[in-house]
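Asks: output the structure for:
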Amino acid sequence: MSNKIGFVISSSPDLVLIGINSLKILEDNKDKLQIGQYLKVSDGNSNFIICVINNIRALDYNIQDDLKLIIESQPIGSLVEDDFLRGTKSLPVPTEPVYILNDGIMDRIFKANSDYNFPIGVLSQNQSIEVKIDGDKFFGKHVAIVGSTGSGKSCTVARVLQNAVGINDAKNLNKGARKNSHILIFDIHSEYKSAFTLVDNQDFTLNDLSVDKLKLPYWLMNSQELESLFIESNENNSHNQISMFKQAVIYNKEKHNPSVSEITYDTPVYFSIKEVFNYLENMNKEVIGKLAGENCPKLFNGTLINDRKDYYFDSIYDFVSQSTAAATKASNGPFNGEFNRLLSRLETKMSDKRLNFILDPHKEDGSSYSTTDFEEIIQQFLGYLNKSNVTIVDLSGIPFEVLSITVSLVSRLVFDFCFYYSKIQHDDDLLNDIPVMIVCEEAHNYIPKSGGAEYNSSKKSIERIAKEGRKYGLSLMVVSQRPAEVSETIFAQCNNFMSLRLTNSNDQNFIKNLLPDSTQNITQILPSLSSGECIVVGDSIIMPTIVKLDKPNPEPKSQSVKFYNEWQRPWKEVSFTEIIKRWRKEEGIE
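Replies: Residues are numbered from 1 along each chain as shown. As a prediction, the model looks like this:
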């Protein structure tokens, strides 16, 4: 064959050494002998082993005697009658010839069969060859997209999702025939709205849920989320706070939902947080009458309280004073003064206008949400209100102290929706035909590897999706610039990885350890990838590949400020009044 470049010197399952006896061979094939390029090595049985180039080095530097070169490569698959198969049944022996993998074979490999139907980009070293992946194995399983700041991570995410929903060059390819994709993006920096906003005549509706539009009534929270919001777990009497708060919530749920049987702490039905506050305030002030026949809470006007849940929700009462006198004997209740901090925290949260989307959400007609509005609340996340393929939950305006709770609650509601829909389908021997993908942008901010109790709720919800979601048609795309700081449990469940440039050694090592042994050597190129280039590894791609993605159109608003250009412009007067006004408005002060 005319494209022979050398011969095998030695081989092992993870390393094939190839000798090149002529500098001229290297010069003539320099564009084909780059790190990440592919070679085919004869296995002695009329078939070939496909290897990826990991390193090229010289045995000596005496060019006068013709430079001798060594290529270090890694076997990744076999070429049997021009069909590519993952893995190798045999290894080449020394002296077997080695060839350049020509474009025709490369094209056939990456268009191997109809399963590889989703275009992801082009080969970085040969941009005439389109790379397609198995769409089912990519979107039906969990995906990790990682890359340092400036590597093109946001553009990569936008490009992949635009391809999925049919956006190309600012046009809706599915106009008039909307497809069945359902994508929910947790957007922590408010950058993806622009990537999915098309002109009106393209008939593409983005479901953008900013903090002003998002409605997450607190009564949908489970026990962990409620306690994360209202209870400080490191306080000495937190166990008493939790116990009494739980009791008050259950009693209040029973009060407002008399037709619901077997209500628990986690039952997603309406209760009034204001009434729960009243209950706890009364428990905190409670005084027990100790005269003959009393031994129960006693109000200032002499009323005896026989059943607290019949009184304590309605109002905050004044109780008789504690006394040891025989005529007015009374003692403080079991929790008198115990809940001062809890009540102060509750009051602060309830009056914080930034938390209105959780603690005081209202419908368009001004009325409050109730148990019967559960369906409408769920609809906002899955796009059925406006038939949108893409829903963005804009986390940029959400206070940091409730970020984890917001992510947890939305994720859990979507998981439960997929779970119960799957059960309905399974009853008819059908599969879930409403696939949903949750995109966790900047995942290290709310599902970190380590952190305080404030992250417990979001980690629990996302980790549950990572472990069980695929069975119910729910998949994850985990995006982070600091993968080493993201929960290992979640990354361990990812079957596909797109790694852009990573400059931090901890992040590089973390990703290398997550990938199969057969692909670790290719990750040596991670710190030198250019913007928009990524290594794609996983079940969905036929072999580990360095891919170049086109820029999305429209693009996300993730571009950095060009500081030097701004410094050289004429002085700009800043309107502090306007900025402070916006700031105060966002903080709920004005």
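Asks: assign a three-state SS to Val157, would you?
Replies: At Val157 the chain is in helix, as set by DSSP: H, G, I helix; E, B strand; the rest coil.
Asks: that one contacts Gln481, doesn't it?
Replies: No - contact criterion C-beta atoms under 8 Å: Val157 and Gln481 do not qualify, at 11.7 Å. Glycine gets a C-beta too; all of them are placed from N, C-alpha and C.
Asks: quick one: which of the two has more around it?
Replies: A direct count of neighbours by other C-beta atoms under 10 Å for Val157 and Gln481 places Val157 higher, at 25 against 21.
Asks: may I ask which helix or strand of this structure has the lowest mean pLDDT?
Replies: The helix or strand of the chain with the lowest confidence, counting by mean pLDDT, DSSP states H and E, is helix 563-567 at a mean of 71.
Asks: list the helices and strands the helix ranked longest in the chain packs on?
Replies: Ordering each helix of the chain by length in residues (DSSP state H) puts helix 403-427 first. Under the contact criterion of 3 or more C-beta pairs under 8 Å, 6 or more residues apart in numbering; DSSP states H and E, helix 403-427 touches strand 182-187, helix 223-230, helix 374-382, strand 436-440, helix 456-468, strand 474-480.
Asks: and it, which residues are buried?
Replies: 403-415, 417-419, 421-422, 425 (16 or more other C-beta atoms under 10 Å).
Asks: same question for stretch 77-87.
Replies: So, applying 16+ other C-beta under 10 Å, buried residues of stretch 77-87: 77-79, 84.
Asks: let me have those residues in TSV, extended by secondary structure, distance to Thr267 and pLDDT.
Replies: What follows is the buried residues of stretch 77-87, written out as TSV (DSSP: H, G, I helix; E, B strand; the rest coil; distance: C-beta to C-beta, whole Å; pLDDT from 0 to 100):
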residue	secondary structure	distance to Thr267	pLDDT
Gly77	strand	53	85
Ser78	strand	56	87
Leu79	strand	59	86
Phe84	strand	53	82
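Asks: would you convert these into a markdown table that also reports distance to Lys171?
Replies: Shown next, in a markdown table, are these (distance: C-beta to C-beta, whole Å):
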| residue | distance to Lys171 |
| --- | --- |
| Gly77 | 37 |
| Ser78 | 41 |
| Leu79 | 39 |
| Phe84 | 34 |
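Asks: closest to Leu304 out of these?
Replies: Gly77 (82.2 Å; C-beta to C-beta).
Asks: surely the closest one and Leu101 touch.
Replies: No - the criterion here is C-beta under 8 Å, and Gly77 misses it with Leu101 at 11.2 Å.
Asks: overlap in contacts of the two?
Replies: Ile50 (C-beta atoms under 8 Å, 6 or more residues apart in numbering).
Asks: still on that earlier bit, could you give me the average pLDDT of the longest helix of the chain?
Replies: On average, the pLDDT along helix 403-427 is 92.
Asks: next, the angle from it to strand 436-440.
Replies: Following axes from the mean of the first three to the mean of the last three C-alpha atoms, to 10 degrees, one obtains 160 degrees for the angle between helix 403-427 and strand 436-440.
Asks: next, the angle helix 456-468 makes with helix 403-427.
Replies: Using the same axes, to 10 degrees: helix 403-427 against helix 456-468 is 30 degrees.
Asks: all numbers from here: first residue = 18
Replies: Yes, from this point I'll number from 18; that puts the last item at helix 420-444.
Asks: gap between helix 420-444 and the chain center?
Replies: From the chain centre to the centre of helix 420-444 is a distance of 15 Å (C-alpha atoms, centre = their mean, to the nearest Å).
Asks: assumed Asp225 was part of a strand.
Replies: Yes - under three-state DSSP, Asp225 sits within a strand.
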